[in-house]
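Undergrad: just the structure for this:
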Amino acid sequence: MTDAIRLQPRTLKPHNTVALPGSKSISNRTLLLAALSDNECDIHSLLKSDDTDRMLEALTQLGVPLEQRAGSLHVVGQNGRFPHTEADLFLGNAGTAFRPLTAALAVLGGEYRLHGVARMHERPIGDLVDALRLVGAHIDYLGNEGYPPLHIHARHNTPVLTIPIKGNVSSQFLTALLMALPLTGDAWQIQVEGELISKPYIDITLNLMKQFGVNVENRQYRTFHLPAASRYHAPAQLHVEGDASSASYFLAAGLLSGKPVRVTGLGKHAIQGDVAFARELEKLGAIVLWGDDFIEVSRAKNQAVLPFDLDANHIPDAAMTLAVVALATGQTCSIRNIGSWRVKETDRIAAMAAELRKVGATVVEEAEAIHITPPEQLIADAHIDTYDDHRMAMCFSLVSLLDVPVIINDPQCTHKTFPTYFDVFAGLAA
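TA: Numbers count the residues shown, from 1 in each chain. Now for the predicted structure:
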């Protein structure tokens, strides 16, 4: 393990192409849906990372047969049930594993203990647990009320068929309910209370559920109707899109350097909302080319990187990359409506503010916004702390494209979603 990595100032090759790893959001959703299907399937381009490893370990403990084959993972679906009704599951800091598994196991019932790293025990889950209890789930908190770790017991039937869920903390709570409720065989209505954040992630969930044979009626993201007698049936072959959030670092590199950078594995028909990041780059002066299986970003030599004031609720993960792009604009930039950053792998607003100040930026931090004024000259060799947060490490690697060296502490935290990130990033350099 390397405690830190120093990135020298770099220019990029005249043209770069990056094959993206599979999407974390799609990978973990697909794994769970395939495990609960009534048939077998092969999943191609599955992300290999800490988060997907935690999901795979959990499914194995729950008795789901998984077989690694040449170029794919073969999953034998268990027809809406897990063979093992008792398990102790360690899920690290993988929210895309913890929240959906909590809902699925609570709906099915059994004796399950779910826990993770210390930060996961600081990430709220109370709104999801409250909703699951209305469904008849029996869930105990083993630590602080409203937070993991959890102990799930047998579920009892309930006459309640309309479930309220708060929408302003994490879209993963709604995703978890949507994926789990079909396992009951009943018809359900989910009512979102307050403003639903990160709607594109709900679109991913609904799109994948449809691929697995369950059609959910979405009424303006306020109510969701799930039909009775639903069951998951997997496509024989599934291909996971490249990760659009991971694409943001390379697309931003194309803007900052002016040299064309192409990412492959997703394109103009992608189901991930974070592809909208490329459209935001267009507003900042980027030239964006869209293909069926690629997105390419560059910038004309006489075009400056433009300042921005963005409501980023639709791209909460990719918007972190813009915080570093702001350093190239020469003017104050604002990223708003990002309250969800507070409950991610770390408090990302506080962390981003602290680390941007190390490179010389003036930063104003608000409850749900951050305002960044770049310095006249960036501070060289700033030691960037990453807070065990993969996106902090990847975002700040881009500082090396702004004519100063930067030191990234704990670079191996990228193993959560992109274990080879720094090797791939180094490969861009001329």
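Undergrad: so what's the residue count around V343?
TA: Around V343 there are 16 other residues, counting by other C-beta atoms under 10 Å. C-beta: built from backbone N, CA, C; applies to glycine.
Undergrad: mind pulling up the pLDDT for it?
TA: Here, the pLDDT recorded for V343 equals 92.
Undergrad: do you know how far it is from E366?
TA: 16 Å (C-beta to C-beta, to the nearest Å).
Undergrad: can you tell me how far Y112 is from M55?
TA: Look at Y112 and M55: by C-beta to C-beta, they are 15 Å apart.
Undergrad: let me fix that, I meant to ask about A276.
TA: Between A276 and M55 the distance, using C-beta to C-beta, works out to 26 Å.
Undergrad: so those two - more neighbours on which side?
TA: Neighbour tally, A276 and M55, criterion other C-beta under 10 Å: the higher count belongs to M55, 28 against 17.
Undergrad: residue contacts, the more buried one?
TA: With C-beta atoms under 8 Å, 6 or more residues apart in numbering as the criterion, the residues that contact M55 are S27, N28, L31, L32, L91, A94, T96, A97, L101.
Undergrad: and it, what helix or strand is that in?
TA: Of the helices and strands defined by DSSP states H and E, M55 is found in helix 50-61.
Undergrad: pLDDT of the helix or strand following that helix, averaged?
TA: Following the chain from helix 50-61 toward its C-terminal end, the next helix or strand by DSSP H and E is strand 66-69. When pLDDT is averaged along strand 66-69, the result is 97.
Undergrad: buried set for strand 66-69?
TA: Buried residues in strand 66-69, defined by neighbour count with 16 or more other C-beta atoms under 10 Å: none.
Undergrad: partners of it, with directions?
TA: Counting by DSSP bridges, the strands paired with strand 66-69 are strand 72-76 (antiparallel).
Undergrad: I'd like the mean pLDDT over the partner strand, please.
TA: The average pLDDT for strand 72-76 rounds to 98.
Undergrad: pLDDT score for Q191?
TA: Predicted confidence (pLDDT) at Q191: the value is 97.
Undergrad: number of residues surrounding the nearest residue to N207 once chain neighbours are set aside?
TA: Distances taken as C-beta to C-beta, 6 or more residues apart in numbering place I271 nearest to N207, at 4.7 Å, with adjacent residues excluded. By other C-beta under 10 Å, 19 other residues sit near I271.
Undergrad: on the three-state scheme, I271 is what?
TA: Secondary structure for I271, judged by DSSP: H, G, I helix; E, B strand; the rest coil, is coil.
Undergrad: so which of the contacts of M55 are in helices?
TA: By the criterion of DSSP state H, membership of the contacts of M55 in helices covers S27, N28, L31, L32, T96, A97, L101.
Undergrad: nearest to A286, of the residues you listed?
TA: Taking C-beta to C-beta as the measure, S27 is the one of those closest to A286, at 27.7 Å.
Undergrad: quick one: secondary structure of the closest residue to the closest one other than its chain neighbours?
TA: Closest residue to S27 apart from its sequence neighbours, by C-beta to C-beta, 6+ apart: L47 at 4.2 Å. Here L47 is recorded as coil under three-state DSSP.
Undergrad: just D127 next, same as before
TA: Using three-state DSSP, the structure places D127 in helix.
Undergrad: how about A278?
TA: The three-state assignment at A278 reads helix, by three-state DSSP.
Undergrad: over to Y201?
TA: What three-state DSSP gives for Y201 is helix.
Undergrad: tally of neighbours for it?
TA: The local packing of Y201 (other C-beta under 10 Å) involves 23 other residues.
Undergrad: what sits against the nearest residue to it once chain neighbours are set aside?
TA: Nearest in space to Y201, with sequence neighbours left out and distances taken as C-beta to C-beta, 6+ apart, is S171 at 4.6 Å. S171 makes contacts with L196, I197, S198, K199, Y201, I202, S340, as judged by C-beta under 8 Å, 6+ apart.
Undergrad: tell me the pLDDT of L161.
TA: Per-residue confidence at L161 stands at 89 (pLDDT).
Undergrad: quick check: chain neighbours aside, which residue is closest to it?
TA: Nearest to L161 is W188, by C-beta to C-beta, 6+ apart, at 5.7 Å.
Undergrad: measure that neighbour to A380 for me?
TA: Relative to A380, W188 is positioned 56 Å away (criterion: C-beta to C-beta).
Undergrad: between these two, which one's more packed in?
TA: Set side by side, W188 and A380 show more neighbours around W188, with 22 against 14, by other C-beta under 10 Å.
Undergrad: which residues does the more buried one bridge with?
TA: The residues listed as beta-bridge partners of W188 by DSSP bridges are L226.
Undergrad: any idea how far the residue of the chain positioned farthest from its centre lies from V363?
TA: In the chain, N302 marks the outermost C-alpha relative to the chain mean, sitting 34.8 Å out by C-alpha atoms, centre = their mean. N302 sits 30 Å away from V363, taking C-beta to C-beta as the criterion.
Undergrad: so what's I152 bridging to?
TA: With DSSP bridges applied, the residues forming beta bridges to I152 are Y112, I139.
Undergrad: in contact with it, which residues?
TA: In this structure, I152 makes contact with T102, L105, A106, G109, G110, E111, Y112, R113, L114, A137, H138, I139, judged by C-beta under 8 Å, 6+ apart.
Undergrad: so what does L181 look like in phi/psi?
TA: With angles defined as degrees, to the nearest 10, L181 sits at phi -60, psi -30.
Undergrad: mean confidence for stretch 38-49?
TA: Averaged over stretch 38-49, pLDDT sits at 97.
Undergrad: buried residues in that stretch?
TA: So stretch 38-49, judged by 16+ other C-beta under 10 Å, has buried residues C41, D42, I43, S45, L46, L47, K48, S49.
Undergrad: spit out the contact partners of the residue farthest from the centre of the chain.
TA: For N302, counting by C-beta under 8 Å, 6+ apart, there are no contacting residues.
Undergrad: centre of the chain to stretch 89-103, how far?
TA: The gap between where stretch 89-103 is centred and where its chain is centred comes out at 13 Å by C-alpha atoms, centre = their mean, to the nearest Å.
Undergrad: and the end-to-end length of it?
TA: Using C-alpha to C-alpha, to the nearest Å, the span of stretch 89-103 from its first residue to its last is 14 Å.
Undergrad: helices or strands up against whichever strand or helix holds A353?
TA: Applying DSSP H and E as the criterion places A353 in helix 348-358. If contacts are counted by 3 or more C-beta pairs under 8 Å, 6 or more residues apart in numbering; DSSP states H and E, helix 348-358 sits against helix 319-325, strand 362-365, strand 369-373, strand 382-384, helix 390-397.
Undergrad: hmm, try it at 10 Å
TA: Contact analysis of helix 348-358 by 3 or more C-beta pairs under 10 Å, 6 or more residues apart in numbering; DSSP states H and E lists helix 319-325, strand 362-365, strand 369-373, strand 382-384, helix 390-397, strand 406-409 as its packing neighbours.
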